[in-house]
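**Student:** Based on what follows, work out the 3D shape:
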Amino acid sequence: MTRKLDAIIVGSYKAGTTSLKNYLSEHPNIESHPQHELDGFFDKDITDLEIEQKFDKQFKVNENSKIILGKNVAYYRNNKFLKDIKNHNKAVKLFFIVRNPADRAYSSWKMEKERLGIKEDFKELFKSIEKKEDNFLYKSCFLAGKYGDYYESMLKIFPKENIMLINFEDLANQPLKICKDCFEFLGVTPIFEPNINLVHNQSFKPKSRLLIKIMLLLKKKNNPIKKIIKKVIPYSLFVKIAHKMRFINQSNSKFPSMLDQDKEKLLKLYSSDILKLESISGRDFSDYKTK
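**Tutor:** Residues are numbered from 1 along each chain as shown. Sure thing, here's the model as predicted:
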């Protein structure tokens, strides 16, 4: 019988989820997938057999694999996927990482600019919010940071004790402590210490726009070249090559910092949701509020 997911990092976008997945999967009793996001586990109309096939493809389970850990940062915003996860394993444990919503919005914009996914400047976010435009700026930069709403939805599906709410700023400043807390939450020995010196999935300006376009082309599901390559080389190696290509194409030039006035303006827009998050979680998120 195929194993089930024991735990999953469900979000949020640009809040250290890749770093946490990689840190936790260094533990000898935790197995995770090589690619950034768990691929296609709860797609529409997927059969149990297809789930088994995807599981076997994405995980290398062995006798030491006490915990199977997945990660997909889109799941926290999708109640259908959350319910599918619950149906998949009622005892599954969730990690939900929150980050200062203004900082997260800016980081999300930087990532998409790096990937040439958008042309808009960050300033245009406020127009998109005002008009509630159906675009990346409004949905993925702004709405994705309304943690109070999403955490409230999660608690309607999962018991609170099955969800570990993590502050990104704590993960960044005390990664070893957070990892040990996660190990205890998962029921594996907290003595193990992962390599916390690496920061994963940072956004830098690309060296070559052409290489970015080639990578985007290869990422498309129905690309025939991608299908041929994946038949020739192992899946895990294919993922490693894709990550290496992106790393090689990163320049040393970082994006400028977000303007203080833009940050303050955004945090005011998030103020009621931050209060909701505090009320539901019983945690203090004063650092997410305007001064």
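**Student:** quick one: the strands in the stretch 101-250 of the chain?
**Tutor:** For the stretch 101-250 of the chain, the strands defined by DSSP state E, counting those that start in this stretch cover 163-167.
**Student:** So in this protein, which helix runs the longest?
**Tutor:** helix 260-281 (DSSP state H).
**Student:** ok, residues contacting that one?
**Tutor:** 98, 100-103, 105-106, 122-123, 125-126, 129, 142, 145-149, 151-152, 155, 165, 283-285, 288-291 (C-beta atoms under 8 Å, 6 or more residues apart in numbering). To be clear about C-beta, it is placed using only N, CA and C from the backbone, and glycine gets the same treatment.
**Student:** Which of those residues fall in helices?
**Tutor:** Short answer: the contacts of helix 260-281 in helices (DSSP H) are 101-103, 105-106, 125-126, 129, 147-149, 151-152, 155.
**Student:** Show me the shaky parts of the stretch 51-200 of the chain.
**Tutor:** 198-200 (pLDDT under 70).
**Student:** Could I get the full set of helices for it?
**Tutor:** Shown for the stretch 51-200 of the chain, the helices assigned by DSSP state H, counting those that start in this stretch span residues 79-88, 101-114, 125-131, 136, 147-155, 168-173, 175-186.
**Student:** which secondary structure elements does the second one contact?
**Tutor:** Going back to what we said before, that points to helix 101-114. Judged by 3 or more C-beta pairs under 8 Å, 6 or more residues apart in numbering; DSSP states H and E, the packing partners of helix 101-114 are helix 260-281.
**Student:** Can you give the distance from the helix it packs on to the centre of its chain?
**Tutor:** Remark: helix 260-281 is offset 21 Å from the chain centroid, using C-alpha atoms, centre = their mean, to the nearest Å.
**Student:** What are the buried residues along that helix?
**Tutor:** 262-263, 266-267, 269-270, 273-274, 276-278, 280-281 (16 or more other C-beta atoms under 10 Å).
**Student:** pLDDT on it, on average?
**Tutor:** Mean pLDDT, helix 260-281: 97.
**Student:** For the residue nearest the centre of the chain, give its distance to Ser140.
**Tutor:** Taking C-alpha atoms, centre = their mean as the criterion, Val73 is the residue nearest the geometric centre of the chain, at 3.4 Å. To Ser140, Val73 is 10 Å away according to C-beta to C-beta, to the nearest Å.
**Student:** Now for these two: what residues contact both?
**Tutor:** Tyr13.
**Student:** Quick one: residues contacting the residue lying closest to Pro175 once chain neighbours are set aside.
**Tutor:** Nearest residue to Pro175, sequence neighbours excluded (C-beta to C-beta, 6 or more residues apart in numbering): Ile196, at 4.1 Å. Applying C-beta under 8 Å, 6+ apart, we find Ile196 in contact with Tyr23, Pro175, Leu176, Cys179.
**Student:** Using CSV, write out the CA atom coordinates for stretch 159-170.
**Tutor:** The C-alpha trace of stretch 159-170 is given here as CSV (Å, rounded to 0.1, in the frame of the first residue of the first chain):
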residue,chain,number,x,y,z
PRO,A,159,-8.1,20.9,14.2
LYS,A,160,-5.8,23.7,15.5
GLU,A,161,-3.4,21.2,17.0
ASN,A,162,-2.7,19.8,13.5
ILE,A,163,-1.5,23.2,12.3
MET,A,164,1.8,24.8,13.1
LEU,A,165,1.8,28.5,12.5
ILE,A,166,5.3,29.9,12.0
ASN,A,167,6.4,33.5,11.8
PHE,A,168,8.9,33.9,8.9
GLU,A,169,10.9,36.4,10.9
ASP,A,170,11.4,33.8,13.6
